[in-house]
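Q: The following block contains a protein sequence and its predicted model.
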2 protein chains.
Amino acid sequence: MAVTTNDLARICHVSRTTVIRALNDTGRISPETKKRILEAAREHGYRPDLLARGLAKAKTYTIGVVVLDVMNQHFAQILNAVEQYALQHDYGINILLHGQDPELEKELVQRLLDYHVDGILLSSVNKSEEYADFLREAKTPIVTIDNRIADDLPFIGINNRDAVREMTAKAIRKGYDTVAFVCPPYADRSLNIYTHEERYAGFLEAFGEAGIAEGPLVSGDGYLAACESLLKQGGRTAFICSGDLFALELMKYFRQKELTAGKDYGLAGFDGVDILDYVVPQIDTVDNCDEAVAEQAMNMLLALIDGRETETEVMLNVKYVNGKTL
Amino acid sequence: MAVTTNDLARICHVSRTTVIRALNDTGRISPETKKRILEAAREHGYRPDLLARGLAKAKTYTIGVVVLDVMNQHFAQILNAVEQYALQHDYGINILLHGQDPELEKELVQRLLDYHVDGILLSSVNKSEEYADFLREAKTPIVTIDNRIADDLPFIGINNRDAVREMTAKAIRKGYDTVAFVCPPYADRSLNIYTHEERYAGFLEAFGEAGIAEGPLVSGDGYLAACESLLKQGGRTAFICSGDLFALELMKYFRQKELTAGKDYGLAGFDGVDILDYVVPQIDTVDNCDEAVAEQAMNMLLALIDGRETETEVMLNVKYVNGKTL
DNA sequence: ATGAAAGCGCTAACAG
DNA sequence: CTGTTAGCGCTTTCAT
């Protein structure tokens, strides 16, 4: 078995309390005995039991992170940044993946709460009021990113709407006859798709500002074929995609038909994932500044944990990345 | 504060033990009181304290996972598969990222041990004997993947050597005058690069079998320029890359020089990452079967945790993926 | 400067 | 079928 404070106490002929004082250098203790105890601790490979400590202190120095998955570069970048930040602040992290399953997401959050994490960073796919209540009732600080669940829950996001408005406006300016918005196929309308809704809103705003009729919305499973139909209707057509992966899929699909982005059709993505670097022609996109989001979110979370003053709603501006496809 | 078994006991006018018995339906208990207790538990939103439970039972139903990072699709796929598997077996997971830092890796493993995870899945970058000892001394089962650390540590990997031998043999058969092996730039030679070493070994074996002189090894920071030099020496040249990302980087670099893979030079990667789908021409690669690795590793880990019989060394065969660049 | 004692919330052996 | 008791390992008053 592992050596405990009790063992150290026996070994050093002192009380458990004294051992603790040496280990956590807290309270008054003679340098003499302290040295002796620390030595014994090292020698015997003492390691604090984090479960016991967490239980006793009601503080685990762990922050939980719940996101969709890690195949998506967006989350991958967030996670990297979050771990960095956490380590610098002496916190550990506990990453869990809900894979776009609202039920699972709730279970995972619950599990983290049951493990007494000190705070949770959450990219949710839930949107019900019940769920919002569930989060509100947790005594543990929870900061949400990506999808907003309720106005009063701490949230940090990016300016999706403005970014897409700008992008769409650019397409309109460039004289495309049809500018369409391409959304992911939603398996379940009860999912929280706040980000995509915001992007779509931005898309619509651009038409309002230009004073022309709104372009079509392409969504759902058959989106590739639907885009093809649009293109076949004639006229120059651009596709504003609500995510780089859709843009990539579309490009791949059209390439099979001998159609080239930037020439035969316009194309823009969103997210600014790394892999766009390897694709030609370079796709227009928006860098959604994952590191900045992660950092802001962690700042907010740690502030909430420490009971410090903090904003509970932040909106970051993103950067348009010029490509050759729009 | 959250409601505890103590509270429930008081509320239901029974002892704490009885409450436990109702909650965990263990031992004999009258259906009557059990129902009453469960009702009260639900009503008051009772949640077991996982820290306390873990401490008392010396079992946390959590398995720790330590990998490099999540930007790399290889790990992303592993993690997805691992979480799936864990959930199905009523385990939770705790993902930690070492980012190729050996010291950090050790700290993270240590932290997981201190948290009493029941088992650890580890993709290590360490290779020292001390580290092997450190792992051996842990009373917690640890299964390693990707890089082997020591012969006696549970390990599950893929047949890197054979795969690269085959790939290299193909290049030789195709009549390339020069076939080079491209390795990642290693910042630190003390890192464990077992997988890459195995791949390089396979590369060399192919020349042995063909009875011709070994092709060059390109490694280190200036690998792009080095590859260009090779190409400029004349003759048909193929690059066998020890990872898709290097192949992608190389392709991008050469594209700037107006050189096309599969025409002006041969190219092959390794890993079979998804994003290759979006790149033209399609790069020859090897699918390293991450899901299979994850599943086998988890099988092994759970067997070790349960003290069941199990192999502690598995080598999976991988699948060659034909592209258009070799 | 050190120690004794109670407690975090849950579990497990042993009685009755 | 139910209760009593002790304990997991660490923390934290409160004494001395």
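A: That came through, no problem.
Q: just checking, A:I78 touches A:A294?
A: Yes: with contacts counted by C-beta atoms under 8 Å, A:I78 reaches A:A294, the gap being 4.8 Å. Yep, even glycine has a C-beta here, placed from its N, CA and C like the rest.
Q: Look up phi and psi at A:N126.
A: Dihedral angles of A:N126 (phi, psi; degrees, to the nearest 10) stand at phi -90, psi 160.
Q: what sits against it?
A: The contact partners of A:N126, taken as C-beta atoms under 8 Å, 6 or more residues apart in numbering or on different chains, are A:P102, A:E105, A:K106, A:I149, A:L191, A:N192.
Q: can you do 10 Å?
A: With contacts defined as C-beta atoms under 10 Å, 6 or more residues apart in numbering or on different chains, the neighbours of A:N126 are A:98, A:101-103, A:105-106, A:109, A:132, A:134-135, A:147, A:149, A:190-192.
Q: Pull out the buried members of these.
A: A:98, A:101-102, A:105-106, A:109, A:132, A:134-135, A:147, A:149, A:191-192 (16 or more other C-beta atoms under 10 Å in any protein chain shown).
Q: Tell me the one of those residues nearest B:L230?
A: Minimum distance to B:L230 across those is 46.7 Å, recorded for A:H98 (C-beta to C-beta).
Q: Just give the nearest non-adjacent residue to the closest residue to DNA strand D within the stretch 101-250 of chain A, would you?
A: Closest residue of the stretch 101-250 of chain A to DNA strand D, C-beta to the nearest atom of the strand: A:H116 (12.2 Å). The spatially closest residue to A:H116, leaving aside those adjacent along the chain, is A:T60, at 5.1 Å (C-beta to C-beta, 6 or more residues apart in numbering or on different chains).
Q: One more: A:L121?
A: On the basis of C-beta to C-beta, 6+ apart, the spatially nearest residue to A:L121 that is not a chain neighbour turns out to be A:V65, at 4.7 Å.
Q: Just give me the neighbour total for the one you found.
A: A count of nearby residues for A:V65, using other C-beta atoms under 10 Å in any protein chain shown, gives 29.
Q: Three-state assignment for it, please.
A: Classification of A:V65 using DSSP: H, G, I helix; E, B strand; the rest coil returns strand.
Q: so it makes contact with A:I142?
A: No: using C-beta atoms under 10 Å, A:V65 makes no contact with A:I142, being 11.0 Å away.
Q: Now for those two: what residues contact both?
A: A:L112, A:V117, A:G119, A:I120, A:L121, A:L122, A:L301.
Q: Which of the helices or strands spans the last one?
A: Okay, so that is A:L301. A:L301 is part of helix A:290-305, with elements assigned from DSSP states H and E.
Q: Report whether that helix contacts chain B.
A: No: Helix A:290-305 stays out of contact with chain B when judged by C-beta under 10 Å from any C-beta of the partner chain, the minimum separation being 10.7 Å.
Q: Please name the bridge partners of the residue nearest to A:L121.
A: Beta bridges link A:V65 to A:I95, A:L121, judged by DSSP bridges.
Q: how much space is there between it and DNA strand D?
A: When distance is defined by C-beta to the nearest atom of the strand, to the nearest Å, A:V65 is 24 Å away from DNA strand D.
Q: give me every residue that touches that residue.
A: With contacts defined as C-beta under 10 Å, 6+ apart, A:V65 is in contact with A:75, A:78-79, A:82-83, A:86, A:93-97, A:108, A:112, A:117, A:119-123, A:145, A:294, A:297-298, A:301, B:95.
Q: try it again with 8 Å
A: Each residue near A:V65 by C-beta under 8 Å, 6+ apart is listed here: A:L79, A:V82, A:I93, A:N94, A:I95, A:L96, A:I120, A:L121, A:L122.
Q: ok, these vs A:A56, which is closest?
A: Comparing every one of the contacts of A:V65 with A:A56 (C-beta to C-beta), the shortest separation belongs to A:N94, at 19.5 Å.
Q: Considering the contacts of A:N126, which member attains the minimum pLDDT?
A: The pLDDT minimum for those sits at A:S190, where the score is 88.
Q: How about the secondary structure of it?
A: Applying three-state DSSP to A:S190 yields a three-state assignment of coil.
Q: Quick check: the residue nearest to A:L121 vs A:T144, distance?
A: When C-beta to C-beta, to the nearest Å is applied, the distance between A:V65 and A:T144 equals 12 Å.
Q: and for these two, which residues touch both?
A: A:L122.
Q: burial count for A:R36?
A: Counted by other C-beta under 10 Å, the residues lying close to A:R36 total 17.
Q: right, and it touches A:A9 too?
A: No: in this structure, A:R36 sits apart from A:A9 without contact. The criterion is C-beta under 8 Å, and the distance is 11.7 Å.
Q: hang on, the earlier thing: just give me the closest of the shared contacts of A:V65 and A:I142 to B:T312.
A: Where these are concerned, and distances follow C-beta to C-beta, B:T312 has its nearest neighbour in A:L112, at 32.1 Å.
Q: correct me, but the closest one touches A:V66?
A: Yes: if you go by C-beta under 8 Å, A:L112 and A:V66 touch, sitting 7.1 Å apart.
Q: Compare neighbour counts for those two and give me the winner.
A: A:L112 (26 against 23).
Q: any idea how far that one lies from A:G64?
A: The span separating A:L112 from A:G64 equals 4 Å under the rule C-beta to C-beta.
Q: Name the residues contacting each of these two.
A: Overlap between the neighbourhoods of A:L112 and A:G64 consists of A:N94, A:L96, A:I120, taking contacts as C-beta under 8 Å, 6+ apart.
Q: For those residues, could you give me TSV that also reports neighbour count and distance to B:D284?
A: Formatted as TSV, the entries for those read as follows, by neighbours: other C-beta atoms under 10 Å in any protein chain shown; distance: C-beta to C-beta, whole Å:
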residue	neighbour count	distance to B:D284
A:N94	25	39
A:L96	23	36
A:I120	23	43
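Q: Next, A:Y320: secondary structure please.
A: In terms of secondary structure, A:Y320 is strand; the call rests on three-state DSSP.
Q: Tell me the pLDDT of it.
A: Per-residue confidence at A:Y320 stands at 93 (pLDDT).
Q: likewise A:L122?
A: We note a pLDDT of 98 for A:L122 in this prediction.
Q: now it: how far from chain B?
A: A:L122 is 15 Å from chain B, where distance means C-beta to the nearest C-beta, to the nearest Å.
Q: Quick one: residues contacting that residue.
A: The contact partners of A:L122, by C-beta under 8 Å, 6+ apart, come to A:V65, A:V66, A:V67, A:V109, A:L135, A:I142, A:V143, A:T144, A:I145.
Q: And the residues you listed, which is closest to B:F207?
A: Using C-beta to C-beta, A:V67 is the member of the contacts of A:L122 that lies nearest B:F207, at 45.3 Å.
Q: export stretch A:112-127 as CSV, just CAs?
A: This file holds the C-alpha atoms of stretch A:112-127, laid out as CSV (Å, rounded to 0.1, in the frame of the first residue of the first chain):
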residue,chain,number,x,y,z
LEU,A,112,-18.2,16.0,-13.0
LEU,A,113,-20.3,17.6,-10.4
ASP,A,114,-20.4,14.4,-8.4
TYR,A,115,-16.6,14.4,-8.6
HIS,A,116,-16.6,17.9,-7.1
VAL,A,117,-14.7,19.6,-9.9
ASP,A,118,-14.3,23.2,-9.0
GLY,A,119,-15.7,24.5,-12.3
ILE,A,120,-16.9,23.3,-15.7
LEU,A,121,-16.3,24.6,-19.2
LEU,A,122,-19.2,23.5,-21.4
SER,A,123,-19.9,23.4,-25.1
SER,A,124,-23.5,22.3,-24.9
VAL,A,125,-25.9,20.9,-27.4
ASN,A,126,-28.8,21.2,-25.0
LYS,A,127,-31.2,24.2,-25.1
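Q: So which bits of the stretch 201-326 of chain A are right by chain B?
A: A:L248, A:M251, A:K252, A:R255, A:D274, A:I275, A:D277, A:Y278, A:V279, A:V280 (C-beta under 8 Å from any C-beta of the partner chain).
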